[in-house]
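*Asks:* Sequence and predicted structure are below.
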Amino acid sequence: MKLVHYIFLLFPCLVLTQQILPEKERARVIDEILADRFNNLLPELMDKTDIDMWLIISREYNEDPVLRTMLPATWLNARRRTILLFYRDAAKDSIHKLAVARYNVGRNIESAWDKDKEPNQWKRLVQLIDERNPRKIGLNFSKDHNIADGLVKTDYEELLENLPKKYHSRIVSAEQLAVRWIETRTEREMIIYNQLVDITHDIIAKAFSEKVITPGVTTTSEVEWWMRQKATDLGLETWFHPTVDVQRSSEELVSHLYSFSGRPEDMVILPGDLVHCDFGITYLRLNTDCQELAYVLKPKEKSPPSFLVDALKEGNRVQDFLTTNMIQGKTGNQILAKALSDARKVGLRPTIYTHPLGLYGHSAGTTIGMWDAQEGVMKDDGENYPLNTNTVYAIELNTTVTIPEWKRDIRIMLEEAGFFGEEGFRYVNGRQTKLLVIPRVRTYQGN
């Protein structure tokens, strides 16, 4: 059975843990995706960034963030010092994938070092460089993108000590290449990504239901741990600890940070509460990041009050202003400024802090605001990086809404995975447009 068909059959329901791929099947999928990325994506990216040789150097347990994404499924870490050399010969339309290491790095990267013939690893690297005579040698150092800054001082100094002087002037930052490698999603990855987000939505839906929450009894921290345990039980991981918080009529709106730090850990969830969560999983080396809202029904209520339904619509409108302004080539600051301006013109009170999502939760790529930088992020936070196609983002934002019935402001906080491709923006697996209801409304017949 083909992978795509297999995944679609397995993922619609999350009742049984065997519906998640077993480790051996995960390894196969990961390695197949890596092969596709190395053979088809990497040459394209090296051409676009005008780098014909890319060196990635790491030591065991101190891995370059980019190198971690290139290791085969059976390598949980680098081994000793691992040096990867990628050489792109555009004229011959070839890509050399070599490891100056004692072993092949999986099936994709061939070992090019026989220690019996050349005991010195650095000398062997220089031989491989001499044989190819690259125009540019890209190294992973970057001021603007932390994930593209994985070359440590010791390895850099030893490389320069061993590298002939004629090559020193050819060394360039591989920042653009590293970021493009991290941020770009392939067609097969996006098929899988849809399922990951669906799993995330399913876990949140169950967490925000009477199956988990008993109003007046269950606390916010109990729901957080239930979500994390559910991921573990399914054979998944969370890349951050889930958070759950409440807003209610008897309390004033507090700082945005309240939802993530400093909030009471064991608030009892009560009827009439607006409950919010932040939750994300890691699976098949991809990450999700999702925030949703639920309302706890009061006695005799069968649906959320209209003022909260309308408040969620305002959050959706802010999402629309942001995603409409996601235009290829625009920087994060440009997108942020236009989206905020458009939303404010119609009376909304938005805050936008959208980040790249993919091989890392807070990944590399176009940063569209931060919660504490609504005038735009600084250059060293990726401000100068343009929006590229085939990339995924956590569309993370909030809007403040005045609720006269509660005599206070509330904050509608939302986050959904979105894909920006050749045809524009789309949500990976939809978005929340209706409040979840606790408990789910049931219709009873009879007296």
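*Replies:* Structure received.
*Asks:* In terms of position in space, what residue lies nearest the middle of the chain?
*Replies:* Centroid-nearest residue in the chain, with C-alpha atoms, centre = their mean: Leu357, separated by 2.3 Å.
*Asks:* OK, contacts around that one?
*Replies:* Asn287, Thr288, Asp289, Ser363, Val392, Tyr393, Ala394, Ala417 (C-beta atoms under 8 Å, 6 or more residues apart in numbering). Backbone N, C-alpha and C define where each C-beta goes, glycine included.
*Asks:* Recalculate using a threshold of 7 Å.
*Replies:* Asn287, Asp289, Ser363, Val392, Tyr393, Ala394, Ala417 (C-beta atoms under 7 Å, 6 or more residues apart in numbering).
*Asks:* what do you get for Arg180?
*Replies:* Neighbours of Arg180 in contact, by C-beta under 7 Å, 6+ apart: Leu45, Thr49, Asn388.
*Asks:* Same question for Leu84.
*Replies:* So Leu84 contacts Ile56, Leu67, Met70, Ala99, Val105, Ile109 (C-beta under 7 Å, 6+ apart).
*Asks:* Wait, the first one touches Phe141, no?
*Replies:* Pointing back at Ile56 there. No. Using C-beta atoms under 7 Å, Ile56 is not in contact with Phe141, being 11.5 Å away.
*Asks:* So which of the two has more stuff around it?
*Replies:* The neighbour comparison of Ile56 against Phe141 (other C-beta atoms under 10 Å) goes to Ile56, with 25 against 18.
*Asks:* Check the gap between the residue nearest to the centre of the chain and Thr282 for me.
*Replies:* According to C-beta to C-beta, to the nearest Å, Leu357 and Thr282 sit 11 Å apart.
*Asks:* List the contacts of the lengthiest helix in the chain.
*Replies:* Counting by DSSP state H, the longest helix found in the chain is helix 187-207. With C-beta under 7 Å, 6+ apart as the test, helix 187-207 has contacts from 4, 7, 11, 14, 33, 36, 185, 212, 223, 226-227, 230-231, 277, 279-281, 283-284, 286, 288, 290, 292, 392, 417, 419, 428-429, 436.
*Asks:* Show the buried residues in those residues.
*Replies:* 7, 11, 14, 33, 36, 185, 212, 223, 226-227, 230-231, 277, 279-281, 283-284, 286, 288, 290, 292, 392, 417, 419, 428-429, 436 (16 or more other C-beta atoms under 10 Å).
*Asks:* Out of these, list just those in strands.
*Replies:* Cys277, Phe279, Ile281, Tyr283, Leu286, Cys290, Glu292, Val392, Ala417, Phe419, Leu436 (DSSP state E).
*Asks:* Thr402: which of the residues you listed is nearest?
*Replies:* Using C-beta to C-beta, Glu292 comes nearest to Thr402 of those, at 22.0 Å.
*Asks:* isn't the closest one right up against Phe279?
*Replies:* No. Taking contacts as C-beta under 7 Å, Glu292 lies outside contact range of Phe279: 8.2 Å.
*Asks:* about what we covered before: can you list the contacts of Arg180 in CSV and add pLDDT and neighbour count?
*Replies:* As requested, those are exported to CSV (pLDDT from 0 to 100; neighbours: other C-beta atoms under 10 Å):
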residue, pLDDT, neighbour count
Leu45, 97, 20
Thr49, 96, 21
Asn388, 96, 16
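*Asks:* possible to save these as TSV with distance to Ala373?
*Replies:* TSV is the format used below for the contacts of Arg180 (distance: C-beta to C-beta, whole Å):
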residue	distance to Ala373
Leu45	29
Thr49	27
Asn388	21
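*Asks:* so of those, which ones are in helices?
*Replies:* Reading helices off the contacts of Arg180 with DSSP H, I get Leu45, Thr49.
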